[in-house]
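*Asks:* Sequence unavailable; structure follows:
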């Protein structure tokens, strides 16, 4: 054992050795590389450039002060979302079904016939959070008692003192800082947090009493299937907002949080995977201490969610709370080295960006740069999307849904949009797979090529001929037979020959791990047109 190994904990040394053995077998680490090189190989970075260690260790939190820990005790508020449409009666029936199925509050987007939409709903028991038409809602409810968690949903960036005063007099909330607006456009965790801090701080600056203003305010954040960053983001949001309140001279340090499962992470194709994504995101929201959690239905990208989609959405929280007992422990991630470190890193980065935004910097160019980098990672499948860039199923029959009721300002940039656009326009002709060697020798690359082509809406065939052919086999087979097989394919009518693997002189194109799949698929589709 080296002196350096003596300086490290025995358990850490053993982990390094075990991890290094796996990486060497996968050829991600050389035989001469030291075991501790696994840290560099396995550490990944967020789109904000924050490094996430593969293993939580005590030294990660040296000098850190735990802050932003969840304060919620018990179950979170299960909040169902509905964008109001032209059929107020149908909206009312959907909301009643949600409430009867275990939902505890309602998140209503847009405007509607309030008398019909809210018919039979006990507003003193079920809080309503609005995103539009606050005046119409108040005029309808009159002097009826409202649950104290009711929120008029006024945009904190555009204060309405009259409505806010009316909300305060009624003992309800008035404002929302909706950070999902920038998340839906592609913002990172840090950008989302900084945006929220800027909007919230601006509201406090214009308030006569910051404690009263904070009592009227709720923050809305997105949570994704990247559970640890979502948990840390909610904790960092509380930590940084507490600092804003402290600097503002407020007595309170509270932040009311409403977490909504991410819209951009959902996929139109293989939508059933969305159930897994939203479950992980809801888990992160609960563990991260969100006061209210909205799980979007899995069929949201297909149009207006039906009753089944809404039932699965509300049951996700029910399963996490009642069967998995996720809400029994307050802050179950507390003290976890990796989570505490990530919370601190997000908070520090968000605070720095908040300062720049407060000095006049623009957030939009930063978001556009993030979108470009995310799109690059999705295109190269460094950031895989199950059902789209990985394991696509060209034969799937998508559930049919009616057109969605779009709310104002609801632009969403789905992470898999580029693949979805290709799948929306499938090509009529398949690619001919041309295997070399035995089945065992060509299966791996044949499977790779088939899945990659399917991600672009391109089928494959093993019989006949066509304008595009893809040679699949081992490197040894390519060296021995590749040129001859390509020539034979061209004689049979192929106008474009692809090789699965590294480029070869006898092939017009190639596909391998790390290739820009969108560019490759677009080129291939052009040859098949």
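*Replies:* Yep, it's here. As the structure is a computational prediction, the values presented were derived from the model and not from experiment. Numbers count the residues shown, from 1 in each chain.

*Asks:* Report the contact partners of residue 160.
*Replies:* For residue 160, the contact set (CB atoms under 8 Å, 6 or more residues apart in numbering) comprises 134, 154, 174. C-beta here means a position set from N, CA and C on the backbone, and glycine is covered the same way.

*Asks:* OK, contacts around the spatially most central residue of the chain?
*Replies:* For the chain, residue 224 is the residue whose C-alpha lies nearest the centre (CA atoms, centre = their mean; 3.4 Å). Applying CB under 8 Å, 6+ apart to residue 224 gives the contacts 230, 261-262, 265, 277, 281, 284.

*Asks:* Identify the residue spatially nearest to it, adjacent ones excluded.
*Replies:* Among residues not flanking residue 224 along the chain, residue 262 sits closest, at 4.4 Å (CB to CB, 6 or more residues apart in numbering).

*Asks:* ditto for residue 186
*Replies:* Leaving out its chain neighbours, the residue that sits closest to residue 186 by CB to CB, 6+ apart is residue 371, at 3.9 Å.

*Asks:* Got phi/psi on the residue nearest to the centre of the chain?
*Replies:* phi -120, psi -180 (degrees, to the nearest 10).

*Asks:* Give the residue spans of the stretch 401-529 of the chain that score low on pLDDT.
*Replies:* In the predicted model, the stretch 401-529 of the chain carries pLDDT under 70 at residues 407-409.

*Asks:* Would you map the strands across it?
*Replies:* With strands called from DSSP state E, counting those that start in this stretch, the stretch 401-529 of the chain shows them at 431-435, 460-461, 468-472, 496-500, 509-511.

*Asks:* Pull the contacting residues for residue 196.
*Replies:* Going by CB under 8 Å, 6+ apart, the list of residues near residue 196 reads 177, 179, 219, 221, 237, 241.

*Asks:* among these, which are in helices?
*Replies:* 237, 241 (DSSP state H).

*Asks:* Wait, residue 149 touches residue 127, no?
*Replies:* Yes. When contacts are counted by CB atoms under 8 Å, residue 149 is listed as touching residue 127 (3.8 Å).

*Asks:* Quick check: neighbours shared by these two?
*Replies:* With CB under 8 Å, 6+ apart, residue 149 and residue 127 have common neighbours 77, 105.

*Asks:* thinking again about what came up before, comparing the strands of the stretch 401-529 of the chain, which comes out most buried?
*Replies:* Comparing the strands of the stretch 401-529 of the chain by mean neighbour count (mean count of other CB atoms under 10 Å), strand 468-472 ranks first with a mean of 28.

*Asks:* Pull up the gap between the residue nearest to the centre of the chain and residue 259, please.
*Replies:* 10 Å (CB to CB, to the nearest Å).

*Asks:* intersection of neighbour lists for these two?
*Replies:* residue 230.

*Asks:* quick one, what contacts the residue lying closest to residue 494 once chain neighbours are set aside?
*Replies:* Excluding the flanking residues, the one nearest residue 494 by CB to CB, 6+ apart is residue 469, at 4.2 Å. Taking CB under 8 Å, 6+ apart, we find residue 469 in contact with 431-434, 489, 494, 496-498.

*Asks:* got these as CSV, with distance to residue 350 columns?
*Replies:* As requested, the contacts of residue 469 are exported to CSV (distance: CB to CB, whole Å):
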residue, distance to residue 350
431, 46
432, 52
433, 49
434, 52
489, 55
494, 54
496, 48
497, 50
498, 45
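
*Asks:* State the pair within these that is farthest apart.
*Replies:* Using CB to CB, the contacts of residue 469 reach their maximum pairwise distance at 433 and 496, which is 13.8 Å.

*Asks:* ok, back up a step: can you check the pLDDT for the residue nearest to residue 186?
*Replies:* pLDDT, residue 371: 98.

*Asks:* and it, what element?
*Replies:* helix 364-379 (DSSP states H and E).

*Asks:* could you show me where the helices are in the stretch 1-150 of the chain, in order?
*Replies:* Listed in chain order, the helices of the stretch 1-150 of the chain (DSSP state H, counting those that start in this stretch) span 3-7, 10-25, 38-42, 88-100, 114-117, 134-141.

*Asks:* Contacts for stretch 327-341 next, please.
*Replies:* Outside stretch 327-341, the residues touching it (CB under 8 Å, 6+ apart) are 52-53, 55-58, 60-61, 64, 66, 69-76, 228, 231-232, 235, 286-289, 320-321, 326.

*Asks:* ok, now stretch 182-195?
*Replies:* 46-48, 50, 179-181, 221-222, 229-230, 232-233, 236-237, 240, 262-264, 346-347, 349-351, 353-354, 356-357, 363, 366-368, 370-371, 374, 410-413.

*Asks:* For this structure, name the helix or strand with the lowest mean pLDDT.
*Replies:* helix 3-7 (a mean of 48; mean pLDDT, DSSP states H and E).

*Asks:* Of the contacts of stretch 327-341, keep whichever come out buried.
*Replies:* 52-53, 55-57, 60-61, 69-70, 72, 75-76, 228, 231-232, 235, 286-289, 320-321, 326 (16 or more other CB atoms under 10 Å).

*Asks:* Narrow those residues to those in strands?
*Replies:* residue 52 (DSSP state E).

*Asks:* Below-threshold pLDDT in the protein: ranges please.
*Replies:* Looking along the chain with the criterion set at pLDDT under 70, you get 1-9, 66, 407-409.

*Asks:* Can you name the residues bridging to the closest residue to residue 509 other than its chain neighbours?
*Replies:* Leaving aside its sequence neighbours, residue 509 sits nearest to residue 498 (CB to CB, 6+ apart; 4.7 Å). Judged by DSSP bridges, the bridge partners of residue 498 are residue 470, residue 509.

*Asks:* what about residue 498, distance to residue 448?
*Replies:* 12 Å.

*Asks:* and if you look at residue 525?
*Replies:* 18 Å.

*Asks:* and what of residue 204?
*Replies:* Counting by CB to CB - residue 204 and residue 448 are separated by 54 Å.

*Asks:* Give me the more crowded residue out of these two.
*Replies:* residue 204 (20 against 16; other CB atoms under 10 Å).

*Asks:* What residues of the helix or strand that contains the more buried one count as buried?
*Replies:* Using DSSP H and E, residue 204 sits in helix 189-205. Using 16+ other CB under 10 Å as the test for burial, helix 189-205 gives 189-201, 203-204.

*Asks:* so residue 51 makes contact with residue 40?
*Replies:* No. Judged on CB under 8 Å, residue 51 makes no contact with residue 40 at a distance of 9.9 Å.
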